[in-house]
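Enquirer: Predicted structure and sequence below. I'll ask about it afterward.
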Amino acid sequence: MNMKLKTLLCLTLIVCMALALSACANPETPSSAGTGTETPSASSGGEPSYVTIIGEDDPMLSWDPAESWAAEIRVLMNVYETLVFMNADGEFEPRLAESWTTSEDGLTWTFKIREGVKFHSGAVLTAQMAADSLNRTIEMGKSATYMWDGVTDIYAADDTTLVIECDHPLALLYMVSACYTAYIYNPEYDTEWYNACNCDGTGPYKLESYTQNSDVVLKKFDDYWRGWDGDEYDYCIFKTVYEAATARQMMLTGDGDLWIQCPYEYIEEMSRDENIKISNTVSYQTLYAYLNCLKPPLNDVRVRQALSYLTPYDDIIDQVVCGYGTQCYGILPPSIWGYSEDVLQYHYDYDKAVALLKEAGYENGFTINYTYNTGDGNLQKVGELLKDSFAKANITLELQAMTSDAKYALARGEDPNERQDIVVIYWWPDYVDPSSYFFSCFHSEENIGFNLSYYYNEEVDALMEAAQAVTGESIEEASKLYQQAQQIIMEDAAVLSLYAQNYTKPYAASLEGFVDNPAYPTAVFCYDLSRAE
């Protein structure tokens, strides 16, 4: 079965739209909260409590939960909820659906919608609203909607019964708990309303204000269905801090409570401060260096294999992520099902690399380029290590720092010979399923999405399609098929599978309840947080 493949078109439009906005706020609330012009007030009298979460960039590319497919997750996961939630142990918990059943043939799922749940607008959640919400997201096709392939109908049987029908058995709980395309929101509003910086979810916090490139302020929703015991924060402030040195100082002085993407070189220093704790969580996030399979000299598999043997994997892990990472066997991180140490893993081997280059007719070397995001020191370090290692085999690697827009524009150029030779991309799954890695990154595609190796292999396509089709019936069988596909991808050396990284986040020792959940990368669930006395 064919899947819709990822595309960045929607994100490009969203970025343009976001840049056109300087600031906006919920019209029913003051726009100054959390911006330094006015102190937030407590929701029930007394001094307000607020938690400050530091991020490296403005997370809000889109306010429409149907379009969200990027860093908005760290904010929107506090505003919106899903039918089911996957906890940090990988177990499914009821959320807006208090229970669920599946038919004997696995084709029909029935969810019991929780009664009495209110949206921030005061509207009461019904099964019809949940159905309309999911159907709108799927019909818009702007986010990771490929994951819904196989779903044939979503409808409300009555006010509290939501039915999802499929054309073959699906691992549906992974889908309805996903970090993208699974939000339940008020479907009465359109994209124009949402992207005017409006929100209407059922989550514990509602939007108070937004100042672009500065902060997003969320205020606790008094009528939240799970209730409040008094220890939670009145406000959550997501603060954009572009300079790592400034963010570091904020954490050390207590002006920040949690730092979402702290550079690894600061972790050791912060761990020595008695007022700071460090989370260290195995994640689903990988770093790929895609090799251009269509452009000489990398269109020769022997050259790509040579680069795979010239890559200093151990040095990259030690010097870039300071040991907080693992080299993968194949393309999957060791934390996700489908991973296997029986799949090919390359190691540095200079002699093998030189022999392959000689066999391919490149014993005198060549010059290629490496593109990465401007300002990302980790990716720059990876490039520098590759450059030094490749030079030993007479290969010159030119490093090119580019903005994200420029990098993707180059990668999607019409002429393969005008594109980059190597581009590095962080990857994490849209939901906890291997298909996100395979279909998005290595499946043949007409319009370039994230298959930036331009890798086209019908056998691999067939294996991943077969794996996706049987996932709902047998994870074990799907795993075997994914492992076969990985083996071929690695033998073809379509990508340098550099490492799966750990999430390491400094947070205030006084901050209680923080658990880093890798199923929702960079999300911080503020409802769980409180400050120790």
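Expert: Yep, that arrived.
Enquirer: could you point out the longest strand in the chain?
Expert: Of all segments of type strand in the chain, defined using DSSP state E, the longest is strand 276-291.
Enquirer: Can you list the strands that that strand pairs with?
Expert: strand 422-427 (antiparallel), strand 495-508 (antiparallel) (DSSP bridges).
Enquirer: How about residue 112, nearest residue that isn't a chain neighbour?
Expert: Spatial nearest neighbour of residue 112, chain neighbours left out: residue 99 (4.6 Å); criterion: Cβ to Cβ, 6 or more residues apart in numbering. Where you see a C-beta, it was placed from the backbone N, CA and C, and this is true even at glycine.
Enquirer: just how off-centre is the strand or helix carrying the one you found within its chain?
Expert: Element membership for residue 99, per DSSP states H and E: strand 97-102. Relative to its chain's centre, strand 97-102 lies at 26 Å (Cα atoms, centre = their mean, to the nearest Å).
Enquirer: Report the buried residues of that strand.
Expert: 97, 100, 102 (16 or more other Cβ atoms under 10 Å).
Enquirer: what's across from the first one in the sheet?
Expert: Listed beta-bridge partners, residue 97: residue 113 (assigned using DSSP bridges).
Enquirer: any idea how far it is from residue 167?
Expert: Counting by Cβ to Cβ, to the nearest Å, the separation of residue 97 from residue 167 is 22 Å.
Enquirer: so what's the residue nearest to residue 522 when sequence neighbours are not counted scoring on pLDDT?
Expert: Excluding its sequence neighbours, the residue lying closest to residue 522 (Cβ to Cβ, 6+ apart) is residue 74, at 4.8 Å. Looking at residue 74, its pLDDT is 94.
Enquirer: From the centroid of the protein, which residue is nearest?
Expert: residue 428 (4.8 Å; Cα atoms, centre = their mean).
Enquirer: and the residue lying closest to it once chain neighbours are set aside, what pLDDT?
Expert: Spatial nearest neighbour of residue 428, excluding adjacent residues (Cβ to Cβ, 6+ apart): residue 285 at 4.3 Å. For residue 285, the pLDDT comes out at 93.
Enquirer: Count the residues that sit near residue 285.
Expert: Residues near residue 285, counting by other Cβ atoms under 10 Å, number 20.
Enquirer: do the same with residue 302
Expert: With other Cβ under 10 Å as criterion, residue 302 counts 17.
Enquirer: so which of the strands paired with strand 276-291 is the most packed in?
Expert: Mean neighbour count (mean count of other Cβ atoms under 10 Å) peaks for strand 495-508 among the strands paired with strand 276-291, with a mean of 24.
Enquirer: just to revisit the earlier point, any chance of the strands paired with strand 276-291 in TSV, plus mean pLDDT?
Expert: Output for those, formatted as TSV (pLDDT from 0 to 100):
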stretch	mean pLDDT
strand 422-427	94
strand 495-508	96
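Enquirer: quick one, the lengthiest helix in the chain and strand 495-508 angle?
Expert: Criterion DSSP state H: the longest helix present in the chain is helix 475-491. Here helix 475-491 runs at an angle of 120 degrees relative to strand 495-508 (axes from the mean of the first three to the mean of the last three Cα atoms, to 10 degrees).
Enquirer: quick one: contacts of helix 475-491?
Expert: The contact list for helix 475-491 (Cβ atoms under 8 Å, 6 or more residues apart in numbering) reads 171, 330-332, 337-338, 340, 342-346, 434, 438, 442, 455, 457, 459-460, 463-464, 466-468, 470-471, 495, 497.
Enquirer: Wait, residue 239 touches residue 50, no?
Expert: No - under the criterion of Cβ atoms under 8 Å, residue 239 makes no contact with residue 50, lying 10.7 Å away.
Enquirer: Just to check, residue 241 is in contact with residue 58?
Expert: No - in this structure, residue 241 is not within contact of residue 58 by Cβ under 8 Å, at 10.5 Å.
Enquirer: For stretch 330-344, list the C-alpha coordinates in CSV.
Expert: Taking Å, rounded to 0.1, in the frame of the first residue of the first chain, the C-alpha atoms of stretch 330-344 are listed here in CSV:
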residue,chain,number,x,y,z
GLY,A,330,21.2,0.2,10.3
ILE,A,331,19.1,3.3,10.3
LEU,A,332,16.9,2.8,13.4
PRO,A,333,17.7,3.9,17.0
PRO,A,334,18.1,1.1,19.5
SER,A,335,15.0,2.3,21.4
ILE,A,336,12.4,1.6,18.8
TRP,A,337,11.0,-1.8,17.7
GLY,A,338,12.4,-3.1,14.5
TYR,A,339,16.0,-2.4,15.6
SER,A,340,18.4,-5.3,15.3
GLU,A,341,22.2,-5.7,15.8
ASP,A,342,22.1,-8.2,13.0
VAL,A,343,21.9,-5.3,10.5
LEU,A,344,25.1,-3.9,9.0
